[in-house]
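Visitor: what shape does this take:
(one chain, ligands or ions: 3)
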Amino acid sequence: MEELYIGSHVSFKREEQLLGSVVEALSYGANTFMFYTGAPQNTARASIDLELTSLAHKLMQEKNIDIKKVVVHAPYIINLANDNEKYEFAIRFLKEEIARVEMLGVELLVLHPGSHVGLGCEKGIENIVRALNTVVDSKTNVKICLETMAGKGSECGKTFEEISLILKGVRYPDKIGVCLDTCHIHDAGYCLHNFEEILTQFDNTIGLSKLWVLHMNDSKNEEGSHKDRHENFGFGHIGFENLMNIMNHPKLKGIPKILETPYISDTDNCKEKIYPPYKFEIEMIKNQKLNHNLIEDIRNYYRKA
Ligand code: FE
Ligand code: FE
Ligand code: ZN
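Guide: Ligands and ions are numbered 1, 2, ... in the order given. Presented below is the predicted three-dimensional model:
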């Protein structure tokens with residue numbers, strides 16, 4: 001049994017779909033991954049190709065990727081907190097997204113709770129609960145993971161208490177849990193030097209059994225900055241040691257850990273390029289040692305490629 005489930009955000013392209021995502025994840029040395037079923041910033045979605053899906057399932061089996069640890073991220077423009085003219089559309093889209101995720105055979109769906117945009121968090125949470133109770137029913141096979149947010153703008157879900165209020169309101173609590181994003185909770189003001197304390201706090205307000213996905217990102221900004229700008233693993237204000245503490249924590253063993261760290265920019269032959277950092281970050285995490293030359297190593301590798 002593999003103990004560490006480590007992966008990253010990967011693409012999901014129209015032509016290759018899940019098969020392409022698996023191939024990309026394998027190229028990073030990952031044993032799990034997360035993807036959007038289309039562009040994260042819009043809701044245009046291709047229909048799921050069953051043949052590509054079954055080829056992807058076969059490849060996952062061959063390569064020991066447990067599909068139960070694979071994650072889909074819902075597009076972040078879906079806002080369930082504000083019941084404006086887009087609310088009904090967001091609910092309908094989320095229903096369709098759940099159907100797509102089920103067709104792909106994936107179980108975990110990460111969702112941003114939403115931004116109340118002036119209504120206040122209490123009303124925002126009320127709207128989120130109502131939307132989730134419309135979308136999720138007894139037959140839903142997907143587990144929705146509400147992501148902890150940085151508190152940028154009017155985001156709901158920036159504290160464990162706010163997340164817990166949502167969970168308390170839902171009709172099918174077994175189908176709704178949490179995705180903890182390290183950059184987001186750091187930016188929301190949780191001190192990751194005291195992770196043991198944070199975990200206790202999480203357990204007391206939400207319950208550890210509700211923690212289904214971890215987003216393992218460093219942060220470009222200081223604790224409590226409410227900025228939500230991710231940094232490469234070990235290169236930000238959280239730091240390698242604190243992140244590895246979470247990565248290796250015995251209480252978080254079976255939980256998929258997903259990197260959403262930024263691509264590395266480069267100018268090669270006068271061309272602007274960006275390279276995915278994940279192969280090198282995953283290697284470094286497995287080595288349990290900070291690679292001070294990570295960025296240079298990534299540039300050298302992809303320049304030659
Ligand atoms: Fe997210
Ligand atoms: Fe995240
Ligand atoms: Zn973020």
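
Visitor: show me the contacts for whichever residue of the stretch 1-150 of the chain sits closest to ligand 2.
Guide: Of all residues in the stretch 1-150 of the chain, residue 147 sits closest to ligand 2, at 5.6 Å by Cβ to the ion. For glycine as for every other residue, the C-beta is placed from the backbone atoms N, C-alpha and C. Residue 147 is in contact with 110-113, 157, 178-181, 184, 215, counting by Cβ atoms under 8 Å, 6 or more residues apart in numbering.

Visitor: residue 6 now?
Guide: By Cβ under 8 Å, 6+ apart, the residues touching residue 6 are 30-32, 247, 257, 259, 282, 285-286.

Visitor: among these, which are in helices?
Guide: Counted as lying in helices by DSSP state H, out of the contacts of residue 6, are 247, 282, 285-286.

Visitor: so what's the residue nearest the centre of the chain scoring on pLDDT?
Guide: Central residue of the chain (Cα atoms, centre = their mean): residue 215, 5.0 Å from the mean position. For residue 215, the pLDDT comes out at 99.

Visitor: what's opposite it in the beta bridge?
Guide: Applying DSSP bridges to residue 215 yields these beta-bridge partners: residue 181, residue 258.

Visitor: one more: residue 144?
Guide: The partner list for residue 144 in beta bridges (DSSP bridges) reads residue 109, residue 176.

Visitor: check residue 33 too.
Guide: Beta-bridge partners, per DSSP bridges, of residue 33: residue 8.

Visitor: can you get me a residue count around it?
Guide: Using other Cβ atoms under 10 Å, residue 33 has 29 neighbouring residues.

Visitor: what does residue 67 give?
Guide: Residue 67: 17 neighbours (other Cβ under 10 Å).

Visitor: wouldn't it be in contact with residue 59 here?
Guide: No. Here residue 67 lies out of contact with residue 59, judged by Cβ atoms under 8 Å, at a distance of 10.9 Å.

Visitor: tell me what the longest helix that the chain contains is packed against?
Guide: Looking across the chain with DSSP H, the single longest helix is helix 87-104. Identification of packing neighbours for helix 87-104 by 3 or more Cβ pairs under 8 Å, 6 or more residues apart in numbering; DSSP states H and E yields helix 50-62, strand 71-73, strand 108-111, helix 121-135.

Visitor: other SSEs contacting the last one?
Guide: For helix 121-135, the contact count by 3+ Cβ pairs under 8 Å, 6+ apart identifies helix 87-104, helix 160-169 as packing neighbours.

Visitor: what angle sits between the longest one and helix 121-135?
Guide: Meaning helix 87-104. With axes from the mean of the first three to the mean of the last three Cα atoms, to 10 degrees applied, the angle from helix 87-104 to helix 121-135 works out at 50 degrees.

Visitor: picking that back up, would you reformat the helices and strands packed on helix 121-135 as CSV and include mean neighbour count?
Guide: Shown next, in CSV, are these (neighbours: other Cβ atoms under 10 Å):
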stretch, mean neighbour count
helix 87-104, 18
helix 160-169, 19
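
Visitor: out of the ones you listed, which gets nearest to residue 241?
Guide: Of all these, helix 160-169 sits nearest to residue 241, with 23.2 Å by Cβ to Cβ.

Visitor: residues making contact with that closest one?
Guide: Contacts for helix 160-169 (Cβ under 8 Å, 6+ apart): 113, 121, 125-126, 128-129, 132-133, 146, 148, 156-157, 173, 176-178, 201-202, 205-206, 210.
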